[in-house]
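Peer 1: coordinates only, sequence not included:
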């Protein structure tokens, strides 16, 4: 019998969307029929038949609802609606294999019992948690938070990670297996004249050096330390591109005040916005280097090296023990420095400015592919298909 699965993708933009669609395209090329459940505002990357696109989930807003209470209501409603939609689709389709394209513990006590009913009917669940260590506390205390994380993980027989980490989960009645998969390169469409257009917009010429910080403006990216590191250089500009930080974290306005206090207001440039796929290359082409200076406790994957490597653009990273740092070191995609240190960032920038990096770009593109990712998924997810069917 042919291999068939449901892929549950709750995002129509951002890293989860990009990782998910690349993974399912690779799976479909290897002969798996995909039922791709996605938000109603999904507008690109259409899977070829016999795979199916199911536009049934509530679109996730690219910007939060300003009223905090109503924003929480919307998030809760979306989560419950989306999970119920999946629950019903499993019943109608009678497909026994389901992959979640992301992980969330929010409202797990409500939706987990429904999927445990499906497990009793031989449905096998898998998940690709891009942020497997849930160290951002949601709820009144740590104990409850980690209980929710443990409960949410309890339905997954197969867990697909990009590097080995100690997941905060306890034993369940399921035989849970950790599988290491590659996060393949992320190829975005060309943006004509992106370098010249962006530099003209910033009042810079082609000889000015630009360091790019791309993605959500979160505290964990140490943007304050990057700005401070800029004081050690005379002709280096910092370009910060991405959506505003969640409430409770440092906002872009506060970073701007820091830059002004340090006399850097003319060398720190901002595009505080959600960046659609067609505009991604605009900022990467405009920049000479990329930086991703995470905290020490960051042990997850980042999509940035998967964007920079195909472009042969050096990246400076800091993080904990994670696939992000390991990949950069193994393939010389840039430089890895110690986390949470302005001095380390300065040292790394000096490495970048020497322009003598010999990256193993072709080796990276050969080794780290979504095709290899899909092979691992197929071999693990369907290993007992015959006994079930």
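Peer 2: Thanks, I have it. The structure presented is a predicted model; accordingly, all values stated were derived computationally and were not measured.
Peer 1: okay, and for the stretch 101-250 of the chain, where does confidence drop off?
Peer 2: Scanning the stretch 101-250 of the chain for pLDDT under 70 picks out the ranges 134-141, 171.
Peer 1: show me where it has helices.
Peer 2: 108-120, 142-153, 194-202, 223-229 (DSSP state H, counting those that start in this stretch).
Peer 1: just say which of those is most tucked in.
Peer 2: When these are scored by mean count of other CB atoms under 10 Å, the highest mean neighbour count falls to helix 223-229 (a mean of 21). C-beta here means a position set from N, CA and C on the backbone, and glycine is covered the same way.
Peer 1: tell me which other helices or strands that one touches.
Peer 2: strand 209-214, strand 236-242, helix 252-261, strand 289-293, helix 342-353 (3 or more CB pairs under 8 Å, 6 or more residues apart in numbering; DSSP states H and E).
Peer 1: now these in JSON lines, with distance to residue 86?
Peer 2: What follows is the helices and strands packed on helix 223-229, written out as JSON lines (distance: least, CB to CB, whole Å):
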{"stretch": "strand 209-214", "distance to residue 86": "31"}
{"stretch": "strand 236-242", "distance to residue 86": "29"}
{"stretch": "helix 252-261", "distance to residue 86": "35"}
{"stretch": "strand 289-293", "distance to residue 86": "32"}
{"stretch": "helix 342-353", "distance to residue 86": "42"}
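Peer 1: nearest to residue 172 among the ones you listed would be which one?
Peer 2: Among those, the nearest to residue 172 by CB to CB is strand 289-293 (33.9 Å).
Peer 1: and whatever helix or strand comes next after the closest one with strand 289-293, angle?
Peer 2: Per DSSP states H and E, the first helix or strand lying C-terminal to strand 289-293 is helix 304-311. When axes from the mean of the first three to the mean of the last three CA atoms, to 10 degrees is applied, the directions of helix 304-311 and strand 289-293 differ by 160 degrees.
Peer 1: got the angle for helix 304-311 vs strand 209-214?
Peer 2: Relative orientation of helix 304-311 versus strand 209-214 (the same axes, to 10 degrees): 140 degrees.
Peer 1: follow-up on the earlier one: can you say which of the helices of the stretch 101-250 of the chain is nearest to residue 173?
Peer 2: helix 108-120 (8.7 Å).
Peer 1: which other helices and strands does that closest one contact?
Peer 2: helix 68-93, strand 124-127, helix 142-153.
Peer 1: circling back: can you redo the helices of the stretch 101-250 of the chain as TSV with distance to residue 261?
Peer 2: Shown next, in TSV, are the helices of the stretch 101-250 of the chain (distance: least, CB to CB, whole Å):
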stretch	distance to residue 261
helix 108-120	43
helix 142-153	35
helix 194-202	21
helix 223-229	10
